[in-house]
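[1] Sequence and predicted structure, then a few things I'm wondering about:
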Amino acid sequence: MISFILNRLLQAVLLIFFLSLIGFWIINNIPGSYEDFLKAEEYNTEESENSGSPIQLPLFYFGIMPEFSDEEKKNPKDIHAYRYLPQFRWNGTRNQYHEWLSKSSYSLRDSKPVTKKILEASGWSIMFMLPAILLIFFLGLFLAEWSVRSQNKRAVTIVTQVLIFFHSIPAFWLASILLIFFAGVSFLNILPSSFVSSGANSPWEFWTTKLHYLILPLLSIVLPTLSVVYNLSRQKYLEQINTSSWVRMISAGLSVKEGLSKEVRPHVLILLLAWIASAIPLLIGGSIIIETIFAIPGTGRLLFQSITIRDWPVVHGLFLFSGALTILGILVSDILQRKFDPRIKN
């Protein structure tokens, strides 16, 4: 197990490095900058005067593509054929990627450390995503087991169709409908519309005094996603009760409830461990749509605002943060499956 974890951690380091390169390449090729955004905000349409052409640094620490001087570019016919072959070239730390890493530690908007901004926003995302994931997991498992034990097939069909209906609704549409219906002045107006009016300065203060602000965001996350865990669990339950081992257990005098909880449920939990791989990034990463609609100062809203104002250091940091969480989720899922699934334990 230790060698397996070390091997995965080594792979994770390499993957994060390649993610950093991909993020740098994408941001480097996106038109516009933070300075362009400021000019647009100030309605300044005058072009800035360039004092001189900037020095074009090499892209990475090393290069293999051939380079030609200005004279060679003017007279390409005079270039020998071997000059077009790949040539290894060490550029050192004086390259665009290294310069970007050294300057991407601070936000362009407020000069705060990118790590600090991401960690502060992560606390708000955990505040509402943790109960959402727990509700999805346990409620989906409970409904799946109930649907297998229930004799009222009509009720099971209704619940299944309702969950599929909510799953088919886009998240932004469902959140908007809930916001208008439960927080709109023209309708019920019984719940707060956004976190801005809460006055809470920290997630802990929010948990202790402002829990009713979580109702609409939780519904917007839980309702569309509940169908995934419900259907995964239900299909596994139905698969297990159609096996010969299930028939032998019932014939031996074991009740259906005990058989489902003691014998079938562990198989379902092993299946749902794979779902954890996608749940962990959501736990920290939050939801861009939900956080923006309800003004939750989490990582999703931070990403949206950073892209809007072209604060690329923060965007790059969140890109790496999300990738690291995805890798962590897959690692945790693999470890738990190896621990609890006897088929792959060794």
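    The structure has been received and is ready for your questions. For clarity, every value in this text was computed on a predicted model and none was experimentally measured.
[2] how long is stretch 69-89 end to end?
    15 Å (CA to CA, to the nearest Å).
[3] swap that for stretch 82-102, sorry
    Taking CA to CA as the measure, stretch 82-102 stretches 36 Å from start to finish.
[4] Ok, stretch 89-99 next?
    18 Å.
[5] do stretch 181-192 as well
    11 Å.
[6] What are the neighbouring residues in contact with residue 260?
    By CB atoms under 8 Å, 6 or more residues apart in numbering, residue 260 lies in contact with 145, 148, 149, 237, 241. Quick note: C-beta positions are derived from backbone N, CA and C, even for glycine.
[7] Helix or strand next in line after the helix or strand bottoming out on mean pLDDT in the chain, which one?
    The weakest-scoring helix or strand in the chain, judged by mean pLDDT, DSSP states H and E, is helix 34-41 (a mean of 68). Counting by DSSP states H and E, the next helix or strand C-terminal to helix 34-41 is strand 62-63.
[8] Show me what that next one is packed against.
    strand 89-90 (3 or more CB pairs under 8 Å, 6 or more residues apart in numbering; DSSP states H and E).
[9] residues in contact with the strand it packs on?
    58, 61, 62, 63, 64, 67.
[10] Let's see that with 6 Å instead.
    Under the contact criterion CB atoms under 6 Å, 6 or more residues apart in numbering, strand 89-90 has outside partners 62, 63.
[11] Direction included, what does it pair against?
    Paired with strand 89-90 in the same sheet, following DSSP bridges, are strand 62-63 (antiparallel).
[12] re earlier: from the contacts of residue 260, pick the one nearest residue 23.
    When the contacts of residue 260 are compared for distance to residue 23 (CB to CB), residue 237 wins out at 41.6 Å.
[13] Just give the nearest non-adjacent residue to the closest one, would you?
    residue 148 (4.5 Å; CB to CB, 6 or more residues apart in numbering).
[14] Is it correct that the one you found falls within a helix?
    Yes. Counting by DSSP: H, G, I helix; E, B strand; the rest coil, residue 148 is part of a helix.
[15] Make sure it is actually in contact with residue 236.
    No. Applying CB atoms under 6 Å as the test, residue 148 and residue 236 come out as separate, 9.8 Å apart.
[16] Which parts of the stretch 1-150 of the chain are helices?
    2-29, 34-41, 70-74, 96-103, 114-149 (DSSP state H, counting those that start in this stretch).
[17] Could you say which one of those helices comes nearest to residue 158?
    helix 114-149 (10.6 Å).
[18] List the buried residues in the closest one.
    Judged by neighbour count using 16 or more other CB atoms under 10 Å, the buried positions of helix 114-149 are 114, 117-118, 120-129, 131-133, 135-137, 140-141, 143-148.
[19] ok, now how distant is the residue lying closest to residue 5 once chain neighbours are set aside from residue 149?
    Leaving aside its sequence neighbours, residue 5 sits nearest to residue 335 (CB to CB, 6+ apart; 6.9 Å). Applying CB to CB, to the nearest Å, the value for residue 335 to residue 149 is 32 Å.
[20] What of residue 14?
    In this view, residue 14 and residue 149 are 47 Å apart by CB to CB.
[21] which ones are touching residue 135?
    Going by CB under 6 Å, 6+ apart, the list of residues near residue 135 reads residue 222.
[22] got it, and residue 234?
    144, 147.
[23] swap the cut-off to 8 Å and go again
    143, 144, 147, 148, 160.
[24] Redo those residues as TSV? Include distance to residue 272 and pLDDT.
    As requested, these are exported to TSV (distance: CB to CB, whole Å; pLDDT from 0 to 100):
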residue	distance to residue 272	pLDDT
143	13	94
144	10	93
147	16	92
148	15	90
160	18	94
